[in-house]
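> return a 3D structure for these sequence lines:
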Amino acid sequence: MSGTDEPVDLDPAEMRRIVAEAQKISADEVRRARRAAERVQRLQEVTGALSKTMTTDGIVDVILDQVAGAFQAAAGVVVLVAANGEMVEVRGTFGYPAEALEGWRSFPLAAQVPLSEAIRESRTIVVASQERFAVVYPELRGAMRGRALVAVPICVEGRCRGAIGFSFADERNFPKDDIAFLESLGQQCGQALERNRLFENEKNARAAAEAAHMQLQFLAEASDVLSQSLDYATTLRDVARLAVPRLCDWCTVEVLEADGTTRSLGIEHVDPGKVEMATELRARWPVDPNAATGVPHVLRTGKPELYHEITDETLQLAAQSEEHLAAIRALGLTSAMILPLVARGRTLGAITMISAESGQLFDEEDLVFAMDLARRAAMSVDNARLYQERTYVARTLQRSLLPPRLPLIPGIEIATRYRPAREGSEVGGDFYDVFQDGFNGWAFVMGDVQGKGAEAAALTGLARHSLRATAMLQPRPSAALSALNDVLLQDDTERFCTVAYVRVQELDGVFTLTSASGGHPMPIKVSPDGTLESIGVDGTLIGCFPDFSVENTETTLAPGDSIVLYTDGVVDQRSTEGLGEEGLMRVMREASGSDAETMARLIEEAVIEKEEGLPLDDVAIMVFRVMGQA
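Numbering: from 1, shown residues only. As a prediction, this is how the structure comes out:
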């Protein structure tokens, strides 16, 4: 056996030492392995708990609960970077007395403190003792809680969103595996926060899309309401009813009158009892028209006002007395918007939207949306007012083109009807006239001028006055119509008209009728027995041709005979159910023997019934009847 194979004799004490060392190494490895397994298990538990929460507060609670127990920390804090990127906000703590947190609910990211430093530098900050803390952070001398601390950044995808800080009662060193475990927790926390951010973004985007859809749907409904009526007061009340409770709990509407005063169109609330209470409150304490805020100020400036939160101080400033203050406090108002109704540079009124029971607090986005509604409402109000003014002017002008009153003619009764087409917002071209000529006769005129509006009105006035002037010089209807044709040709209006001219003269109790028609429906004689007779022959349109031709037709009127003059709007059949000539003949036969007023009324009613309330064209009717027994 070689020398190297010879057994080595060891001292028994040395042998015991070697065995003990081997056992110690084995025990340390077992402890390290056990700690590693515990950390893996703890990390899995934290990961599982984080996966079950979708809120920031829930994530913070998981970190503080799970990690504090694992490291026996005396105190802990989780901070997150604020939305402005310049401040750090405390989102959760444990173990810190309330006075220790005073002044530290938020602090600058640039502050020289461990948590800010961990975020800025994206690394774990370890301070193993108070002495070390005093050296590294001299400005915070005496502020450290416990004898050691660690600040771990919360990072995801290279961006730090916050930090986790723990304080310990004893001084300690942190092995690399402890630091690695804490940094793994920071990464898990960062991923959870990022998942929560994405979830919140998706939820907010979905909510914003739903809100935008609801707003568009509301605006569509409001636009439909605004287009349904030309009565702006009714329209605005309908909009206020539409707004409650979808946009607000209360809605009021005020409009400016022509004299500068304000008129309230009403108050809307889902509870009629509260509407009555608010109406009484407004009656007892009227709004000061010179107030520096509120509706008067909005009406003066045309600028909206937003009261994000109505505080008690706000109410005190608005109250006129203690009793008034108590009354408005009882309404429970929380937020308000006052929106001017501005159209074409003019402030027409204001809409006030108030929240109360819902607790909603209006913001700038609500104001933008509400102003869109207010602009639409203002344009509707302005259009309605313009239409009403236009209609008023048209009707006033129309009345000036018709005789203000019918003359009293011995032995003859007269009735007339005039209805403009649709809403009568333009001056119609139909006209009639009754006047005495220069030869002891009476002229009955029915005419229809081409077109509508100001030009038609001018031509109507020209035709009426020309016929009256000619009648003073020439008794024959044909001569009067011929003179009118010359006037229109010389005037170069490029417009024409049709006229039926009937002259009636009484001699020894006998009424003689002379008729001429320039392109107009001819007069109809209605006998008491229902016999109908068209009087005259067609003539040339007036104002079209120099070669003008009309003929006079004479007939005698017996007692009870009626003459019906009308424009083509009476027999218009542009709709499927127009009266038509046959319908007119039927009505006249049925009304034969009745007085002039009755016959005119029955003809008008028949036209309106066939046209479902509003004629498609202007309608003019004249009936005159020879009184006495047939």
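> C-alpha only now, for contacts and for neighbours.
Fine.
> beta partners for the closest residue to F166 other than its chain neighbours?
The spatial neighbour of F166 that comes closest, neighbours along the chain excluded (CA to CA, 6 or more residues apart in numbering), is G76 at 4.4 Å. Listed by DSSP bridges, the beta-bridge partners for G76 are F94, F166.
> and G76, what's its pLDDT?
With respect to pLDDT, G76 scores 85.
> residue contacts, it?
Shown in contact with G76 (CA atoms under 8 Å, 6 or more residues apart in numbering): L64, A68, T93, F94, G95, Y96, I164, G165, F166, S167.
> quick check: domain ranges of this structure?
Per the record, the chain has its domains at 35-198, 227-393, 401-626, by automatic domain parsing.
> the stretch 301-450 of the chain: strands as residue ranges?
Assigned by DSSP state E, counting those that start in this stretch, the strands in the stretch 301-450 of the chain fall at 305-307, 335-343, 346-355, 412-419, 430-436, 442-449.
> repeat that for the stretch 101-250 of the chain.
Going by DSSP E, counting those that start in this stretch, the stretch 101-250 of the chain shows strands at 106-108, 125-127, 148-156, 159-168, 250-256.
> show me what the longest one is packed up against.
Pointing back at strand 159-168 there. strand 75-81, helix 114-121, strand 148-156, helix 176-226 (3 or more CA pairs under 8 Å, 6 or more residues apart in numbering; DSSP states H and E).
> re earlier: derive a ChimeraX selection command for the buried subset of the contacts of G76.
Buried residues among those (16 or more other CA atoms under 10 Å), as a ChimeraX selection:
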select :64,68,93,94,164,165,166,167
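> between the contacts of G76, which is nearest E183?
Comparing those against E183 with CA to CA places I164 closest, at 9.7 Å.
> give me the neighbour count for the residue nearest to the closest one when sequence neighbours are not counted.
In this structure, I164 finds its nearest non-sequential neighbour in V78, 4.7 Å apart by CA to CA, 6+ apart. The number of residues packed near V78 is 25, by other CA atoms under 10 Å.
> now do R120
R120 has 18 neighbours, counted by other CA under 10 Å.
> tell me where the stretch 501-630 of the chain has strands.
Applying DSSP E, counting those that start in this stretch to the stretch 501-630 of the chain gives strands spanning 510-518, 524-526, 532-534, 553-557, 562-566, 619-626.
> you'd agree G92 is up against I59?
No - distance between G92 and I59: 9.9 Å, which falls outside the contact criterion (CA atoms under 8 Å).
> what about these two, which has more around it?
Counted by other CA under 10 Å, G92 and I59 do not tie: I59 has more neighbours, with 24 against 20.
> where's the more buried one, which helix or strand?
Per DSSP states H and E: I59 is located in helix 56-71.
> deepest of the strands of the stretch 101-250 of the chain, which one?
A comparison of those by mean neighbour count, using mean count of other CA atoms under 10 Å, puts strand 148-156 on top with a mean of 26.
> list of residues touching that one?
With CA under 8 Å, 6+ apart as the test, strand 148-156 has contacts from 114-115, 118-119, 122-130, 160-172, 182-183, 186-187, 189-191, 194.
> go on, stretch 267-280?
So stretch 267-280 is contacted by A240, R241, V244, P245, D249, W250, C251, T252, V253 (CA under 8 Å, 6+ apart).
> mind listing what's buried in that stretch?
Using 16+ other CA under 10 Å as the test for burial, stretch 267-280 gives I267, E268, H269, V275, A278.
> just list the residues touching the nearest residue to L306 once chain neighbours are set aside, thanks.
Excluding its sequence neighbours, the residue lying closest to L306 (CA to CA, 6+ apart) is M337, at 4.6 Å. Contacts were defined as CA under 8 Å, 6+ apart; by that measure M337 touches P304, E305, L306, Y307, T352, M353, I354, F362, L367.
> ok, so of these, who is nearest T55?
Of all these, F362 has the smallest distance to T55: 25.2 Å, by CA to CA.
> once you drop chain neighbours, what's closest to the closest one?
Per CA to CA, 6+ apart, closest to F362 is H308, 5.3 Å.
> hmm, the one you found is touching Q360, no?
No - using CA under 8 Å, H308 is not in contact with Q360, being 9.2 Å away.
> which among the contacts of G76 gets closest to D595?
Using CA to CA, the contacts of G76 come closest to D595 at T93, 99.2 Å.
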